[in-house]
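1. Kindly generate the corresponding structure for this input.
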Amino acid sequence: MEFEGQRKGEEVICIFRRHIATSFKGILWLIILVTGGFLQALLIPNNQYGLLICIIAIVLGFLGAVYSWLLWYCSYYIITNERLRQTHQKGLFKVSVVDLELENIINMSYGVHGMFATMFDYGSILIQTEAGDLVISMVSHPEAVYNELENICHDKK
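-> Next up, the predicted model:
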């Protein structure tokens, strides 16, 4: 696989994303708006605007869920043999990219905290560098990602 900004001789080792639960707000809006739309249509029957309000609520709920999913899908991390690249979609027209050279990593650790994190296998990875710390929260399969990063960094030294 290749990505924009890839250096000559740089190889992609793995790509990972945050857990899908990070898009929970969109799913919550979907549930609230769809439920509200149906309740409004059920509680006020034979209202000429009731069906229109119900349809608008459902469409807005789906748009919110799709927007939240797009932000999740377009935000990802790439581990290469040279660096860790974080691409974070902050809105429809705003993206942030951070590169961290593997040689600059001093220490790494990961943690899985709580019942839901354990059940759904997500956690946080802390990467310490000379310039500061990078915390990647709600990572799917944090132990596997941590081990992959640890192996790559060990091979680089």
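2. contacting residues around the element among helices and strands of the chain having the smallest mean pLDDT?
-> Between all helices and strands in the chain, the lowest mean by mean pLDDT, DSSP states H and E belongs to helix 24-43, at a mean of 81. Residues outside helix 24-43 that contact it (Cβ atoms under 8 Å, 6 or more residues apart in numbering): 47, 50-51, 53-58, 60-62, 64-69. Heads up, the C-betas are built off the backbone N, CA and C, glycines and all.
3. same thing but at 6 Å, please
-> The contact list for helix 24-43, computed with Cβ atoms under 6 Å, 6 or more residues apart in numbering, reads 50, 53, 54, 57, 58, 60, 61, 64, 65, 68.
4. count of neighbours near the last one?
-> Using other Cβ atoms under 10 Å, residue 68 is surrounded by 19 other residues.
5. That one belongs to a strand?
-> No. Assigned with DSSP: H, G, I helix; E, B strand; the rest coil, residue 68 falls outside any strand and is helix.
6. And it, what's its pLDDT?
-> Confidence at residue 68, expressed as pLDDT, is 89.
7. quick revisit: let's see which of the contacts of helix 24-43 end up in helices.
-> 50, 53, 54, 57, 58, 60, 61, 64, 65, 68 (DSSP state H).
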